[in-house]
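**Student:** Give me a model of this one.
(one chain, ligands or ions: 3)
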Amino acid sequence: MDFRPFEKTMRPIFDNMELIERDNFLSALDSGFREAAAGEGYSFFIIGEAGIGKTSLVKAFLKKIERESIQYIGACDSLFTPRPLGPLYDLAVQMNKTWINEIHSVSSRAELFSRFVQELTQKQKPVVIVFEDIHWADEATLDFVKFLARRISRLKCLFILTLRDDEINQQYSLRNVFSDLAPDTFTRLVLTPLSKQAVQKLADEVGELQMLCGRQQVYLVGGGNSAGQAALYFASHARSVTILCRSAGPERTMSQYLLDQLAARSNIEVLTHSEVVRVEGEGKLEAIVVKNSQTGEEATLESGGLFILIGADAETGWLPPEIARDRRGYVLTGSELAGTDRWELDRDPYLLETSVPGIFACGDVRLGPVKRVAAAVGEGSMAIAFVHQYLREAEERAGAVAG
Ligand SMILES: Cc1cc2nc3c(=O)[nH]c(=O)nc-3n(C[C@H](O)[C@H](O)[C@H](O)COP(=O)(O)OP(=O)(O)OC[C@H]3O[C@@H](n4cnc5c(N)ncnc54)[C@H](O)[C@@H]3O)c2cc1C
Ligand SMILES: Nc1ncnc2c1ncn2[C@@H]1O[C@H](COP(=O)(O)OP(=O)(O)OP(=O)(O)O)[C@@H](O)[C@H]1O
Ligand SMILES: [Mg+2]
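**Tutor:** Residues are numbered from 1 along each chain as shown. Ligands and ions are numbered 1, 2, ... in the order given. Alright, predicted model coming up:
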């Protein structure tokens, strides 16, 4: 049997895209999910033409309920070689490795389907199963769809299927699936096209970026990761992107993965030992004057955009003066305070503790060399542990005083 397991990489990467004009559909899915979670499962067939936003709707919904549900996603593909039961294999891979063997070892499909449904009853949280693009489903998959959808109301399970209504491939078989289901166990959500205003809004957003740097020569000042990431982003919109570095190059200040990606893009270049000394233009930027710090030469370069990515300050002006900061606003913690006049207790401050005992800081706002997601997340969990320790000791102290 030929199959290509559904990879985790197909999971949404850009989860944060804001959906327009889909609130009604999201709330319909949400109420179906609430009923499923209460024990009465339900199926939704999300129907619409190619590109109307079926997958985006499902992604947005899955994101919304990701903490409260177990989610399995299978896809049907338009392959030259059919992949019978393809989505079931996708699900098996996500469930656990042994499920794949189970599929191979079970000789009868009816038994396989039953075991699968049985597996769904074992889960701690409500399960959401998504089958994408069932207009391309093989007949065995449609049998499974029918099998599960007919039993869904007895399961803590939401079954979501997407299908194009402008593909004629399986229309006859799909009609047959619908006619076999009890009407109160499923809903056909037929997606409506976005309104003219919504389309205009989306077009304006893209247009803004085009206006900002489309077909222009863009310059970026900076040699760190922010400059590297920005260069890659702008390179898809601008004619060309030039990174201006004061130093001999970004090799020491930028991550290797970014350096590799920059090197692979033909419309990105790096100018080293270069500083912007002047900008020119009538009402808008037209050129920048760049000086080479080694030769002293100045060059006037035509420029449609100049972006400066040379670091950040911490916006902590709102904090009370009791919380000590450095001159750029970064919060002092732990060993930065020990032995200074900003720390008054006999004990040393905990690792993430600020100058006010019991108040902790973590992430980028803290004075410290590591400005990374992993560091911020790790420090967040450490801070919680320190808060507990602080409270425990405060309780013990209060107990000792009372005693
Ligand atoms: C362009 C760029 C690219 C990066 N690339 C990477 C990378 O590839 N890998 C990596 O590991 N790290 C990267 N980083 C660093 C990473 O983003 C940070 O280290 C991480 O986000 C720090 O997390 P944080 O929670 O401390 O701060 P933030 O993610 O900055 O979160 C702070 C939050 O607090 C909010 N806030 C601020 N002031 C207030 C206030 N007064 N009241 C309420 N809310 C407030 C802000 O709006 C923000 O949402 C990058 C940073 C930048 C700028
Ligand atoms: N409600 C929406 N608001 C904003 N953008 C949307 C919306 N719906 C869809 N889009 C945009 O349209 C693109 C196409 O949507 P999507 O891939 O979800 O369509 P689809 O119906 O699943 O298409 P296909 O039939 O080809 O699978 C998305 O990448 C997204 O950028
Ligand atoms: Mg889709």
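
**Student:** Residues of the chain that sit close to ligand 3?
**Tutor:** Within the chain, the positions near ligand 3 by Cβ under 5 Å from the ion are 54-55. No exception for glycine: its C-beta is placed from N, CA and C like everyone else's.

**Student:** who in this protein is up against ligand 1?
**Tutor:** 225-226, 229, 315, 318, 363-365, 371-374, 376 (Cβ under 6 Å from any ligand atom).

**Student:** 5 Å - rerun?
**Tutor:** For the chain, the contact set with ligand 1 under Cβ under 5 Å from any ligand atom comprises 226, 363-364, 371-373, 376.

**Student:** longest helix in the protein, by residue count?
**Tutor:** helix 373-402 (DSSP state H).

**Student:** re earlier: filter the residues of the chain next to ligand 1 down to the buried ones and express that as a PyMOL selection.
**Tutor:** Buried residues among the residues of the chain next to ligand 1 (16 or more other Cβ atoms under 10 Å), as a PyMOL selection:
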select buried, resi 226+363+364
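
**Student:** which among the residues of the chain next to ligand 1 gets closest to ligand 1?
**Tutor:** G363 (2.0 Å; Cβ to the nearest ligand atom).

**Student:** isn't that closest one right next to G380, touching?
**Tutor:** Yes. With contact defined as Cβ atoms under 8 Å, G363 reaches G380; the gap is 6.9 Å.

**Student:** How much space separates S335 from L258?
**Tutor:** Distance of S335 to L258, given as Cβ to Cβ, to the nearest Å: 31 Å.

**Student:** out of those two, which sits in the more crowded spot?
**Tutor:** Higher neighbour count among S335 and L258: L258, with 18 against 10, using other Cβ atoms under 10 Å.

**Student:** is it true that the more buried one lies in a helix?
**Tutor:** Yes. Remark: L258 belongs to a helix, assigned using DSSP: H, G, I helix; E, B strand; the rest coil.

**Student:** pretty sure it is in contact with A230, am I right?
**Tutor:** No. Contact criterion Cβ under 8 Å: L258 and A230 do not qualify, at 10.3 Å.

**Student:** Any idea how far stretch 351-366 is from the middle of the chain?
**Tutor:** Relative to its chain's centre, stretch 351-366 lies at 28 Å (Cα atoms, centre = their mean, to the nearest Å).

**Student:** Adjust the sequence numbering to begin at 21 for everything that follows.
**Tutor:** Got it, the first residue is 21 from now on, which makes the last one we talked about stretch 371-386.

**Student:** residues making contact with it?
**Tutor:** 332, 334, 336, 342-344, 350-355, 357, 362-363, 365, 369-370, 391, 395-396, 399-400, 402-403, 406-407, 410, 414 (Cβ atoms under 8 Å, 6 or more residues apart in numbering).

**Student:** how about low-confidence regions in the stretch 21-170 of the chain?
**Tutor:** 21-37, 117 (pLDDT under 70).

**Student:** Let me see the contact set for the closest residue to ligand 2 within it.
**Tutor:** Closest contact between the stretch 21-170 of the chain and ligand 2, by Cβ to the nearest ligand atom, is at G73 (2.5 Å). Residues counted as contacts of G73 (Cβ under 8 Å, 6+ apart) are 39, 42, 211, 214.

**Student:** per-residue confidence at the residue in the stretch 271-420 of the chain that ligand 2 sits nearest to?
**Tutor:** Closest contact between the stretch 271-420 of the chain and ligand 2, by Cβ to the nearest ligand atom, is at Q281 (22.7 Å). Looking at Q281, its pLDDT reads 95.

**Student:** Same check on G423?
**Tutor:** Listed pLDDT for G423 reads 62.

**Student:** Next: S313.
**Tutor:** Value for S313, per-residue pLDDT: 95.

**Student:** Quick check: chain neighbours aside, which residue is closest to it?
**Tutor:** Closest residue in space to S313, ignoring its immediate chain neighbours: H293 at 4.7 Å, by Cβ to Cβ, 6 or more residues apart in numbering.
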